[in-house]
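Q: I'd like to go over a predicted model; first the sequence, then the structure.
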Amino acid sequence: MRLRSAFTLVELLVVIAIIGILVGLLLPAVQAAREAARRMQCSNNLKQIGLAVHNHESAYKFIPACEKDIPAASYPSPPNPYGQRATYGTLFQILPFLEQNNVYNLVDTKRSYIDPVNMPPPYGTLNPAAMVTIPSFICPSTPDAPSDYGPYFELLGFPPASFITPRTDYAPIKGLHSSLAVCAGMPNRSTNNAMLGTDDSEKHFGIKFGEVSDGLSNTIMVGEEAGRQKLYFRGKPLPGSSLLDGGLTLNSYYGDHNIARQLRGYAGSDITNPRLPGCSAINVFNENQLYSMHVGGIQVAMGDGSVQFLSENMSTNIFAALITRNGGESAQIEQ
């Protein structure tokens, strides 16, 4: 009688254990490679945004301001029943330079985005095709997040309805909040002197490149503020799932001029009190602060169109100096 050779149970278990160990070693490497690819795509998005701002400045001779109001005297008829005069922010203004003219041309740029002409049903008559996601405004490292302005409008007295808007993970920089300014030894006041900021709320244009006296390569233009409307604190989502319970925030729509930020400093010590002021400036809380889903820091588009990675441990003084366009500081990005 001829005996067949075969694995014993012990040998089979050893082989399975070895395979499990190899898979365990390989999986982190695969995940790291995927995140590297996502981070590269995120960097490319910021590069495209930076180039679009430069092309806008070349075409119109000014930088598209992050926040402005339509002068009351020039608001078209019929008037806005909601009384809003806030027009579209920087990211919307650069759509034609991102090959998104089809979306840009669907709205009436002489009217506010909170105007029946520029709001889709049930609030207005805008073609819903204007409410499409712009891939260049989404970082692929960020988990899916809601972007529904309906609950907020309902609090203002609008009829209950969902108002789903296309979100963004990038924030134009408006200036420094006083909480961060004092940490950098600056006067205890909030400013609008970032590259996309302006102190004239009715100014229908932004500054010129020549007004960035600190130098374009030394001034942050746009940075990551990922994950909104969901709120995150040091890599963890806050409890809650609505505006009312504190789980969500506003300002996630890329056309909303309120996505522009006066950057704040947070203590970062207590998830139950995420807004506690302090001097931590990066990756603490994705509300009024630059925040990413990348390990160790955030990516920003500088005024010259380059993209830089800023460590979450960088000097607050240097970070604050990189935000202001005319502070007279000599700031160098820490490598």
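A: All right, it came through fine.
Q: Per-residue confidence, residue 83, what does it come out as?
A: On pLDDT, residue 83 comes in at 87.
Q: show me what contacts the closest residue to residue 254 other than its chain neighbours?
A: In space, and not counting its chain neighbours, residue 254 is closest to residue 168: 3.8 Å by CB to CB, 6 or more residues apart in numbering. Glycine gets a C-beta too; all of them are placed from N, C-alpha and C. Residues in contact with residue 168 (CB atoms under 8 Å, 6 or more residues apart in numbering) are 91, 134, 137, 138, 252, 253, 254, 259.
Q: Near residue 254, how many other residues are there?
A: 24 (other CB atoms under 10 Å).
Q: pretty sure it contacts residue 172?
A: No: shown here, residue 254 and residue 172 do not form a contact pair, counting by CB atoms under 8 Å, at 10.1 Å.
Q: Give me the common contacts of these two.
A: Taking CB under 8 Å, 6+ apart as the criterion, residue 254 and residue 172 both touch 89, 91.
Q: all strands of this structure, in order?
A: Listed from the start of the chain, the chain has strands (DSSP state E) covering 170-176, 220-224, 232-233, 236-237, 261-263, 297-302, 307-311.
Q: ok, the fourth one: who's next to it in the sheet?
A: Paired strands of strand 236-237, with direction, are strand 232-233 (antiparallel) (DSSP bridges).
Q: Also the first one?
A: If you go by DSSP bridges, strand 170-176 pairs up with strand 220-224 (antiparallel), strand 261-263 (parallel).
Q: what inclination does the first one have with respect to strand 307-311?
A: This means strand 220-224. 70 degrees (axes from the mean of the first three to the mean of the last three CA atoms, to 10 degrees).
Q: Tell me which residues are up against strand 220-224.
A: With CB under 8 Å, 6+ apart, strand 220-224 has contacts from 42, 46, 49-50, 53, 90, 139, 169-173, 194-196, 290-292, 294, 298-303, 322-323.
Q: got the contact list for residue 266?
A: Contacts of residue 266 by CB under 8 Å, 6+ apart are 179, 274, 275, 276, 277, 278, 280, 284, 285, 289.
Q: what is the mean pLDDT for stretch 167-178?
A: Mean pLDDT, stretch 167-178: 96.
Q: do stretch 182-196 as well
A: Mean predicted confidence for stretch 182-196 is 94.
Q: Mind exporting the C-alpha coordinates of it to PDB?
A: Below are the C-alpha coordinates for stretch 182-196, written out as PDB (Å, rounded to 0.1, in the frame of the first residue of the first chain):
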ATOM      1  CA  VAL A 182      -1.100  87.500  20.900                       C
ATOM      2  CA  CYS A 183       0.700  84.100  20.900                       C
ATOM      3  CA  ALA A 184       3.000  85.500  18.200                       C
ATOM      4  CA  GLY A 185       3.700  88.700  20.200                       C
ATOM      5  CA  MET A 186       1.500  90.800  18.000                       C
ATOM      6  CA  PRO A 187      -1.200  93.300  19.100                       C
ATOM      7  CA  ASN A 188      -4.200  91.700  20.700                       C
ATOM      8  CA  ARG A 189      -6.600  92.300  17.700                       C
ATOM      9  CA  SER A 190      -8.000  90.400  14.800                       C
ATOM     10  CA  THR A 191      -6.800  91.400  11.300                       C
ATOM     11  CA  ASN A 192      -7.800  91.000   7.700                       C
ATOM     12  CA  ASN A 193      -4.300  91.400   6.300                       C
ATOM     13  CA  ALA A 194      -3.700  88.000   4.900                       C
ATOM     14  CA  MET A 195      -3.200  87.700   1.100                       C
ATOM     15  CA  LEU A 196      -6.900  87.300   0.300                       C
END
